[in-house]
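>>> here's my sequence, what's the structure:
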Amino acid sequence: MKRKSALLLIAAGALASIATSPPRWHLSATAPAGMPTEATGSDGLLVTIEASAPPEVLCKVGMSPERIDREPVKPGTGLQYMCPPGSTLDDVTITGRGNAGCSKEPPKAPGDQFLRITKTERVPTWRETTEDTFEVGDMLSIRVESPRHPFVEVIDAGGAATRLSGFGENHFTINRSGSVHVRATVFGPCAPDCAKPADEPLRIERE
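Residues are numbered from 1 along each chain as shown. Prediction:
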């Protein structure tokens, strides 16, 4: 009974913290008129962004928006993200906490915060895939070692693929048992070579 009461107190404290925490402000950006927002054919969509903080960039892959990590680019080239072939740029935002107060109006972003999409372009891409098979009891946690955003799938015995949603730094959890076959795919712009840079790792590691 004491443990149950303690858990209830913790839950109540968490809810109270959420209720009293300052509301969040949001800045969103859209592509300038006339610039592409879809990655058609085998091309990717390279999105260049100027922002006061790293934005959250979502690309719609099929019916589901998926967060895309920053491309590993050279210094001075700005923030670049690449939606993979066949996807659409869905949303670009930065957020932060506003000041606590009694106002019912949504908080405004501080004056020093900014976000704009300066360029979108369809570019030829390279594609690299790695696969591995794991024996699992009831759950598998993996990490894909790559500086790029990996698209991870579980492949069943019939060849059908199920996309996984990750969290953190390329971490994924699979709630299956038995033999589990995993495939990870990364994309990158052809600049200058149309192949994954030799110094970039691409491995699936069990955690």
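>>> so what are the domain limits for this protein?
Residue ranges for the domains of the chain, per automatic domain parsing: 22-124, 125-206.
>>> is it possible to get JSON lines of those that adds mean neighbour count?
Any C-beta I mention is one placed from the backbone N, CA and C, and that applies to glycine too. Shown next, in JSON lines, are the domains of the chain (neighbours: other C-beta atoms under 10 Å):
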{"stretch": "domain 22-124", "mean neighbour count": "16"}
{"stretch": "domain 125-206", "mean neighbour count": "15"}
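>>> how about CSV for the ones you listed, with mean pLDDT added?
As requested, these are exported to CSV (pLDDT from 0 to 100):
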stretch, mean pLDDT
domain 22-124, 87
domain 125-206, 91
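>>> can you verify my assumption that N170 contacts F151?
No. The pair N170 / F151 is not scored as a contact, 10.8 Å apart, by C-beta atoms under 8 Å.
>>> tell me how far I117 lies from T88.
Separation of I117 from T88 (C-beta to C-beta, to the nearest Å): 14 Å.
>>> again, but for M82
For M82, the distance to T88 - C-beta to C-beta - is 13 Å.
>>> cool, R97 as well?
Per C-beta to C-beta, R97 is found 30 Å from T88.
>>> go on, N170?
N170 is 23 Å from T88, by C-beta to C-beta.
>>> ranges for the helices of this protein?
Counting by DSSP state H, the chain has helices at residues 2-20.
>>> can you tell me the centre-most residue of it?
R67 (2.5 Å; C-alpha atoms, centre = their mean).
>>> contacts only, for that residue.
With contact set as C-beta atoms under 8 Å, 6 or more residues apart in numbering, R67 has these partners: E56, V57, L58, H149.
>>> let me have the residues you listed in CSV, adding distance to P22 as columns.
Formatted as CSV, the contacts of R67 follow (distance: C-beta to C-beta, whole Å):
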residue, distance to P22
E56, 19
V57, 25
L58, 24
H149, 30
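>>> from those residues, which ones fall inside strands?
Mapping those onto strands (DSSP state E) picks out E56, V57, L58.
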